[in-house]
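A.B. asks: using only what follows, build the 3D model:
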Amino acid sequence: MNGAQHHTIFGGNFRFYAICCALCFVCALHFNTVWAYSIKESENESVSDSLLLWRVSTLFNHHESDSCIAICKQWLESPQSIGSTNTKARILTYAGLSHYVKSEYASAEKYFSQALVLNRTLNNRSAIGKLLLNLGQNAYYQGKYHESIGYLYEAMAIYATLKNAEDGKAAVRYEIGRVYFKTNERAKAFRFLNEAAEIYMALGNKKRLANTLNTMGMAYREDGDYPKAIAYQKQSLALKQTLKDTKGMAASYNGLGITCRSQGSLKEALHYYRMALAMQDSVNDKTGKAATLSNIGLLYMAERNYTLAKAYLLAADSLATAIGYIELQTNNTYALGELYEAIGRPGDALKYFKKHMVLQDSLVNTDKQRQIAALQTRFETAEKQLENERLTKENELQQLSLNRHRTIIITLIVAGILVTIIIALFISRMRSNAKIKLILLEQRLLRSQMNPHFIFNALGSIQSFVLTNKPVEAAGYLSRFSRLMRGLLQDTRVEMITISEEMAFLEDYIQLQALRFNHCFTYIIVAEPDIETEHCLIPALITQPFVENAIIHGLKNLPFTGHLEVRFAQFTQWIMITVTDNGTGISSENAEEITPHQPFGTALTAERLKLLYGSDQAMIKTEPLYAEKRAFRGTKITVSLPLKMNE
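C.D. replies: The predicted structure is shown next:
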């Protein structure tokens, strides 16, 4: 809103002011709806995450795929993505969808697969079903029909367990029908397509119903029933015209062109193809355009116009190669081989026939057909079992399964045991070097944690109490020192201890350090109320190096009494440990030039976490704390660990 508009509004134009207020209210209501939806999806999302998801979804819905991909990639590479599992899963999904609509199938598969892994950890069954459907569609366009059918049958099993998911159930059946159509299993294709059409009709989903009718028309065309094929395709086109679905209308015109060409009506077919091509260019539909170019080339082949046929087929092959449309590449290379053979260029013909054979091998062969059949049997059985669970009581189903499948279960158990033993032996061998390295590291860490200066000074302080006739204080600190040494020896023998045990060790250690430095600082060790300190497990003595670093390098030389805080908290599936001091931090003038001191014990701790959790599962973050009116700043160390509970 510019200055002139401000002047008009506040100058007395009441009607304009009222309209603007109403628009602001509508925008606020829309944003509130999106925000509320995001919060419903994940109570742990921050406001910034909700804003990000709103922005990404808006870009995707407005077909700004490049901008959507750029924002998703930037966020995924930033530190903000660490720990935000639900948000990360949804951002990965939007990135995959944006690549998919651009026909960038390899990139789409990468992002969909990563999102699926995260949603499996969250047990978000609705999102799992959608991603399996997306992966099935993506694999279909890559010509990976055995992978596609596997994803789709698993998605169908997931949707069978969900309520109010009729649209998803129909979408899965439609995609399965398309795969069976491509693998020449017509009966199964018609079965699933009819089921999808019935569900879409009941839902009143005209767009999806139109797509289903168009695919059924294609199936009837392949069976040679041209009247029925044209009838279904025209029904589909009529629905798409009412919806103003340009991309869908182009697909229908392309399908009608194929049907007319199959009947020998070449002039009418070319008319439909050109209408489809114009629409596909207007919406940048690369997949549809590649198919239409190929069909025009085949039409000119039928007319023996080899010059135009060659031009269109080469253009189609180039576009199909660019987007990874393997099925179309396979058809184009065969057509080009026939073309060159017809014009008397056997060398070029042989080249394209060989390329066709290589591509054909990557599509459906006998082995993949067997895999498809096996997957079909597997997931159809799963679907029937789910139906039985809804119709019978759980204990009756378990008893029936026990009686019918006893032999199969025993065989599977034996096979599972053998596989488990083999895997365990393999993993044990692979991890042996890492275990040895971890043991050596822990020994080095033990030596670095309790250095001789600390032990000598602690004993000296206790001795001073004895010499000054303070037996009570001496006995107290001696008890803490012995308990500290005993805890150190015990805890370093185990890999994980509870948070309460870690807090007890820190209490003794910090008390002795305070004695050593004449109580130059105060301290607090606190656990948030919602964390189960008796059951949450963390690596033994993980906080000691950071506490020592804060005392030695931050608090001991202060001109005032310093303060140290150690806090344990839980955020969803993460344990957050913060060590904060108000000691000598980094000044604002040299913040970019000086890095915090990293002593030997701290560096070893970082290496230890990497071995225990992997390079991307645990994180240590150092933050300087700034103040405006004093020279001393302070430092905050945050250690993020995956949540682990004892038995």
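A.B. asks: tell me which residues of stretch 544-560 come out buried.
C.D. replies: By neighbour count on 16 or more other Cβ atoms under 10 Å, the buried set for stretch 544-560 is 544-556, 558. C-beta: built from backbone N, CA, C; applies to glycine.
A.B. asks: first-to-last residue distance for that stretch?
C.D. replies: Start-to-end span of stretch 544-560 (Cα to Cα, to the nearest Å) is 24 Å.
A.B. asks: what of stretch 515-528?
C.D. replies: First-to-last distance for stretch 515-528 - Cα to Cα - comes to 27 Å.
A.B. asks: pick the one among the buried residues of stretch 544-560 closest to Arg120.
C.D. replies: Phe546 (33.7 Å; Cβ to Cβ).
A.B. asks: secondary structure element for that closest one, which one?
C.D. replies: Assigned by DSSP states H and E, Phe546 belongs to helix 544-550.
A.B. asks: from the contact counts, what lies against that helix?
C.D. replies: In terms of contacts (3 or more Cβ pairs under 8 Å, 6 or more residues apart in numbering; DSSP states H and E), helix 544-550 is packed against helix 406-449, helix 499-516, strand 562-571, strand 574-581, helix 600-613, strand 635-642.
A.B. asks: ok, and the closest non-adjacent residue to Ala320?
C.D. replies: Leu328 (4.1 Å; Cβ to Cβ, 6 or more residues apart in numbering).
A.B. asks: give me the neighbour count for that neighbour.
C.D. replies: Using other Cβ atoms under 10 Å, Leu328 has 23 neighbouring residues.
A.B. asks: mean confidence (pLDDT) on the helix or strand encompassing it, please.
C.D. replies: Assigning secondary structure by DSSP H and E places Leu328 in helix 326-342. Mean pLDDT, helix 326-342: 89.
A.B. asks: what's the closest non-adjacent residue to the residue nearest the centre of the chain?
C.D. replies: When the chain is reduced to its mean C-alpha position, the nearest residue by Cα atoms, centre = their mean turns out to be Ala115, at 2.0 Å. Leaving aside its chain neighbours, Ala115 sits nearest to Leu92 (3.8 Å; criterion: Cβ to Cβ, 6+ apart).
A.B. asks: now swap in Ala139 and tell me
C.D. replies: Using Cβ to Cβ, 6+ apart, the closest residue to Ala139 is Ser148 (3.9 Å).
A.B. asks: got the angle for the helix or strand that neighbour falls within vs helix 326-342?
C.D. replies: According to DSSP H and E, Ser148 maps onto helix 145-160. Between helix 145-160 and helix 326-342, the angle comes out at 150 degrees (axes from the mean of the first three to the mean of the last three Cα atoms, to 10 degrees).
A.B. asks: off-centre distance for the helix or strand hosting Met216?
C.D. replies: Using DSSP H and E, Met216 maps to helix 206-222. Its chain's C-alpha centre and that of helix 206-222 lie 32 Å apart, by Cα atoms, centre = their mean, to the nearest Å.
A.B. asks: equivalent analysis for stretch 556-563, please.
C.D. replies: 47 Å.
A.B. asks: which residues touch the residue lying closest to Ala89 once chain neighbours are set aside?
C.D. replies: Using Cβ to Cβ, 6+ apart and skipping residues adjacent in sequence, the residue nearest Ala89 is Leu118, 3.9 Å away. Applying Cβ atoms under 8 Å, 6 or more residues apart in numbering to Leu118 gives the contacts Thr85, Asn86, Lys88, Ala89, Leu92.
A.B. asks: how many other residues sit next to the second one?
C.D. replies: Other residues near Asn86 come to 21 when the count uses other Cβ under 10 Å.
A.B. asks: how close does it sit to Gly255?
C.D. replies: Applying Cβ to Cβ, to the nearest Å, the value for Asn86 to Gly255 is 40 Å.
A.B. asks: the bottom helix or strand of the chain by mean pLDDT?
C.D. replies: None of the helices or strands of the chain scores lower by mean pLDDT, DSSP states H and E than helix 3-10, at a mean of 37.
A.B. asks: just to revisit the earlier point, wait, the residue nearest to Ala320 touches Ala316, no?
C.D. replies: Yes. Contact criterion Cβ atoms under 8 Å: Leu328 and Ala316 qualify, at 6.8 Å.
A.B. asks: any common contacting residues for those two?
C.D. replies: The contact sets of Leu328 and Ala316 overlap at Ala290, Ala291, Ser294 (Cβ under 8 Å, 6+ apart).
A.B. asks: list the buried residues of the helix or strand just after the helix holding Leu328.
C.D. replies: Next helix or strand after helix 326-342 toward the C-terminus (DSSP H and E): helix 346-362. Using 16+ other Cβ under 10 Å as the test for burial, helix 346-362 gives Ala349, Tyr352, Phe353, Lys355, His356, Leu359, Gln360.
A.B. asks: neighbouring contacts of helix 346-362?
C.D. replies: Applying Cβ under 8 Å, 6+ apart, the external contacts of helix 346-362 come out as Gly143, Ile326, Gln329, Thr330, Thr333, Tyr334, Leu336, Gly337, Glu338, Leu339, Tyr340, Glu341.
A.B. asks: then stretch 270-290?
C.D. replies: With contacts defined as Cβ under 8 Å, 6+ apart, stretch 270-290 is touched by 102-103, 141, 246-247, 249-251, 253-254, 256-257, 260, 292-293, 295-296, 299, 316, 319-320, 322-323, 325, 328.
A.B. asks: out of those, which are buried?
C.D. replies: For those, buried by 16+ other Cβ under 10 Å: 102-103, 141, 247, 249-251, 253-254, 256-257, 260, 292-293, 295-296, 299, 316, 319-320, 323, 325, 328.
A.B. asks: from those residues, which land in helices?
C.D. replies: Residues of these located in helices (DSSP state H): 141, 247, 249-251, 253-254, 256-257, 260, 292-293, 295-296, 299, 316, 319-320, 323, 328.
A.B. asks: so what's Pro571 scoring on pLDDT?
C.D. replies: To be clear, residue 571 is Phe; Pro isn't right here. Listed pLDDT for Phe571 reads 88.
A.B. asks: okay, now it: neighbour count?
C.D. replies: 14.
A.B. asks: hey, what's it bridged with?
C.D. replies: Listed by DSSP bridges, the beta-bridge partners for Phe571 are Trp574.
A.B. asks: now do it against Leu643, distance only.
C.D. replies: Phe571 is 9 Å from Leu643, by Cβ to Cβ.
A.B. asks: endpoints of stretch 195-214, how far apart?
C.D. replies: 15 Å.
A.B. asks: what comes up buried for it?
C.D. replies: Going by 16+ other Cβ under 10 Å, stretch 195-214 has these buried residues: 195-197, 199-200, 205-206, 208-214.
A.B. asks: likewise stretch 532-543?
C.D. replies: Quick answer for stretch 532-543 (16+ other Cβ under 10 Å): Cys536, Leu537, Ile538, Pro539, Ala540, Leu541, Ile542, Thr543.
A.B. asks: check those and tell me the two furthest apart.
C.D. replies: Across the buried residues of stretch 532-543, the longest distance by Cβ to Cβ is 15.5 Å; it joins Cys536 and Leu541.
A.B. asks: where does the stretch 251-400 of the chain have low pLDDT?
C.D. replies: Across the stretch 251-400 of the chain, the ranges flagged by pLDDT under 70 are 362-400.
A.B. asks: change it to 80
C.D. replies: Low-confidence segments of the stretch 251-400 of the chain (pLDDT under 80): 360-400.
A.B. asks: just the stretch 451-600 of the chain next, same as before
C.D. replies: 451-494, 585-600.
A.B. asks: give me that answer again for 70
C.D. replies: 451-458, 460-461, 464-465, 469-470, 473, 488, 490-493, 585-600.
A.B. asks: buried subset of the contacts of helix 346-362?
C.D. replies: The buried subset of the contacts of helix 346-362 - by 16+ other Cβ under 10 Å - is Gly143, Ile326, Gln329, Thr330, Thr333, Tyr334, Leu336, Gly337, Glu338, Leu339, Tyr340.
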